[in-house]
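# below is the structure, and that's it, no one-letter string:
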Ligand SMILES: Cc1ncc(C[n+]2csc(CCOP(=O)(O)OP(=O)(O)O)c2C)c(N)n1
Ligand code: SF4
């Protein structure tokens, strides 16, 4: 990333390309990341969207996008991207469309779609080396339907379908690793609370062709139960605690782009959100917190050079 | 024009090639595979321009097909049975996009029990999704209706996807003599696809299929689609007439066979109707005034044409190769609604047959005609399943054999 044009936050775009006034919740971390990505991506793009919160960004007859938009279905946004990309290539190859009219084809989905229902379509698209950008806003649950457990829900979180004192007993699926196993052109994790890291990754992704993942942790005031003003703080804590490793995959290598130098204890992150309240009240569950801490420690021990 | 012996599947592939399709997203399923293999072969060898891609499912295949059509290229794809149902969500979705392309469905019975052989429950499950449906009876009709289907799909009055349906095995794998039109003559009939307002371009941002809030805008889009689908009747008739002028084979929304002066009519769709034509000829030879009315379009439903063809008849035997459980035949139900309230409406007898590829014998068609002639006016008998005592005995025998076999395995000493 030596050739980046983003050296400090002052270098980030100041103009906002995505229109305001959407029906997203106040403080939506997914929308925050999308704003930043769109500022760099711009309107020469077509979003192929799967059912989820962001489906309501465009409500007929309005849209906040300067570029194009196509709603598909929860399971098949990457397949929609395939159809659009192939058609654009055909039109250009046949001289029926000048190359200047070409578009960046983008899939936009939530985690439920990306980690679960749409995974077969994603796997197929990467395997076919589809030239597309796949933005996932990971709010760690089926957000649009009320934050039920999704394949991205972290261990211990309370969701609408896991209300018990233990929270979700399973593990968050490792979508980044699943992508890497497919040998994509690029994959990166990011978060709106770290705009410089995000911008560099978007810049890199836009300079490459092929299947490219931008996986953004999306602090979700509604589903995670916190005050909307804490979105940035929670996003930063996710990185500082080591719970959300910022990394990228390129040419067969995974690089951590912002490893937390001295990791903050995970409880600092957990205590900010209602979905983990049962770990602190009515009695503090040190065992469970230690368990989550141990998973994070094990991750960083394994990746340490 | 040249003549060739072609299977129904090969006729589909030839028709798609004559329509100069740009893009073929595919996924295999019996009995459709021959279609996609033929197209893959031609594209691979350079005999046909176009791009080929194998998707990972029919759900994805229909998504890619609709998305490419919405971006402005001519798309063809094909499926059958379970594949059509697996794609069902996307059938509704891409029709909602008003993406004009053609899907060939090679009809096959639905699981469970799983079978490879044909009936019409698959295609009728897709009755209400917004695709128009053309049902073919011969390989020639299959081939000719591919370019016609593109004309209908792409017509600004319609702008909807179209399914061309043919029966698995009975048409898909039966070779018939087919006349192949010259490509340039088909080009004159079918100009290149102009996507106009629905395409994606950098200079022309478009939002397609965005969410709506409230029933008002939703109803607006649904009703627009309904009106467009209804226009399909007129547009099909025009395209079919023009095809007739150019190639000598006219296609209308109904195929009428010796029905004008008939007292008794069969109504059925698909290739089994050719068996009914043979029965009509035999019955006519015996002095009975019998005919056949075969709808080519099921969506839009040619209700007015059916009224004209059937009102005043004495009896009508509707043969459904489908079964809507707890109801009966879908086609029969649709005809009842088309004829409801008309003073001189004929009595409609409902027969369910040809399920999972079961044959419909000539003797059964004769019996249906006899029952229709004898039908008491005003009283509609319940639907009857074409199934013989012999067939029942055969199943019972197999069950007994399997049972005995299992006992033998469990008790090897006996
Ligand atoms: C086939 C299908 N099943 C269920 C739904 C209902 N549904 C709409 S949005 C949604 C949640 C999607 O979750 P996610 O992909 O994480 O996106 P988010 O809602 O969090 O933005 C569900 C289950 C649907 N639209 N389609
Ligand atoms: S539910 Fe969460 S992810 Fe969805 S719009 Fe609201 S804050 Fe954003």
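Done, it's in. Since the model is a prediction, treat every value here as computed from it, not as a measurement. Ligands and ions are numbered 1, 2, ... in the order given.

# for the residue of the stretch 251-400 of chain B found nearest ligand 1, which residues are in contact?
With Cβ to the nearest ligand atom, the shortest gap between the stretch 251-400 of chain B and ligand 1 falls at residue B:299, namely 23.6 Å. In short, each C-beta sits where N, CA and C put it, glycine included. By Cβ atoms under 8 Å, 6 or more residues apart in numbering or on different chains, the residues touching residue B:299 are B:127-128, B:131-133, B:229, B:232.

# might you report the residue contacts of residue B:141?
With Cβ under 8 Å, 6+ apart, residue B:141 has these contacts: B:251, B:296.

# quick one: whatever helix or strand it lives in to chain centroid distance?
Per DSSP states H and E: residue B:141 is located in helix B:139-154. Relative to the chain's own centre, helix B:139-154 is displaced by 12 Å; criterion: Cα atoms, centre = their mean, to the nearest Å.

# my reading is that residue B:256 lies in a strand. Confirm?
Yes. Checked against DSSP: H, G, I helix; E, B strand; the rest coil, residue B:256 lies within a strand.

# picking up where we left off before, show the buried residues in the contacts of residue B:299.
B:131-133, B:229, B:232 (16 or more other Cβ atoms under 10 Å in any protein chain shown).

# let me see the ranges of the helices in the stretch 1-150 of chain B.
Assigned by DSSP state H, counting those that start in this stretch, the helices in the stretch 1-150 of chain B fall at B:8-18, B:33-45, B:58-71, B:81-86, B:88-96, B:121-125, B:139-154.

# just these: most buried one?
When these are scored by mean count of other Cβ atoms under 10 Å in any protein chain shown, the highest mean neighbour count falls to helix B:58-71 (a mean of 31).

# what angle do that helix and helix B:139-154 make?
60 degrees (axes from the mean of the first three to the mean of the last three Cα atoms, to 10 degrees).

# just confirm yes or no for helix B:58-71 near ligand 1.
No. Residues of helix B:58-71 are not located near ligand 1 by Cβ under 6 Å from any ligand atom, the shortest gap being 9.5 Å.

# what packs against that helix?
Contact partners of helix B:58-71 among helices and strands, from 3 or more Cβ pairs under 8 Å, 6 or more residues apart in numbering or on different chains; DSSP states H and E: helix A:77-93, helix A:119-127, strand B:23-26, strand B:76-79, helix B:81-86, helix B:88-96.

# residues in contact with residue B:251?
By Cβ under 8 Å, 6+ apart, residue B:251 lies in contact with B:141, B:144-145, B:148, B:236, B:239-241, B:243-244, B:296.

# any chance of those residues in CSV, plus distance to residue B:206 and pLDDT?
CSV is the format used below for these (distance: Cβ to Cβ, whole Å; pLDDT from 0 to 100):
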residue, distance to residue B:206, pLDDT
B:141, 36, 98
B:144, 34, 98
B:145, 31, 98
B:148, 28, 98
B:236, 28, 98
B:239, 27, 98
B:240, 32, 98
B:241, 34, 98
B:243, 33, 98
B:244, 37, 98
B:296, 34, 98
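
# closest to residue B:404 out of those residues?
residue B:141 (47.7 Å; Cβ to Cβ).

# the stretch 51-200 of chain B against ligand 2: which residues are in contact?
So the stretch 51-200 of chain B never meets ligand 2 (Cβ under 6 Å from any ligand atom).

# same check on chain A?
Looking at ligand 2, the residues of chain A close enough under Cβ under 6 Å from any ligand atom are A:24-25, A:28, A:30, A:53, A:139, A:143, A:218, A:220-223.

# ok, back up a step: make TSV out of the helices and strands packed on helix B:58-71 and add mean pLDDT.
Formatted as TSV, these follow (pLDDT from 0 to 100):
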stretch	mean pLDDT
helix A:77-93	98
helix A:119-127	98
strand B:23-26	98
strand B:76-79	98
helix B:81-86	98
helix B:88-96	98
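
# ligand 1: which of the ones you listed is closest?
helix B:88-96 (6.0 Å).

# wait, does that closest one contact chain A?
Yes. Helix B:88-96 is in contact with chain A by Cβ under 8 Å from any Cβ of the partner chain, via B:89-90, B:93.

# quick one on the thing from earlier: now the helices and strands packed on helix B:58-71 as TSV including distance to ligand 1?
Listed next are these as TSV, based on distance: least, Cβ to the nearest ligand atom, whole Å:
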stretch	distance to ligand 1
helix A:77-93	10
helix A:119-127	11
strand B:23-26	20
strand B:76-79	19
helix B:81-86	12
helix B:88-96	6
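
# with distance to residue B:348 as added columns, please give the ones you listed in a markdown table.
Below are these laid out as a markdown table (distance: least, Cβ to Cβ, whole Å):
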| stretch | distance to residue B:348 |
| --- | --- |
| helix A:77-93 | 43 |
| helix A:119-127 | 45 |
| strand B:23-26 | 40 |
| strand B:76-79 | 32 |
| helix B:81-86 | 28 |
| helix B:88-96 | 29 |
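
# and residue B:66, which of the ones you listed is closest to it?
Closest to residue B:66 of those is helix B:88-96 (Cβ to Cβ; 2.8 Å).

# show me what the closest one is packed against.
helix B:58-71, helix B:215-247.

# hmm, back to that, distance of the residue of the stretch 251-400 of chain B closest to ligand 1 from ligand 2?
Applying Cβ to the nearest ligand atom, to the nearest Å, the value for residue B:299 to ligand 2 is 37 Å.

# which SSE is residue A:106 in?
Here residue A:106, judged by DSSP H and E, is contained in strand A:104-110.

# can you check residue A:203 too?
helix A:195-206.
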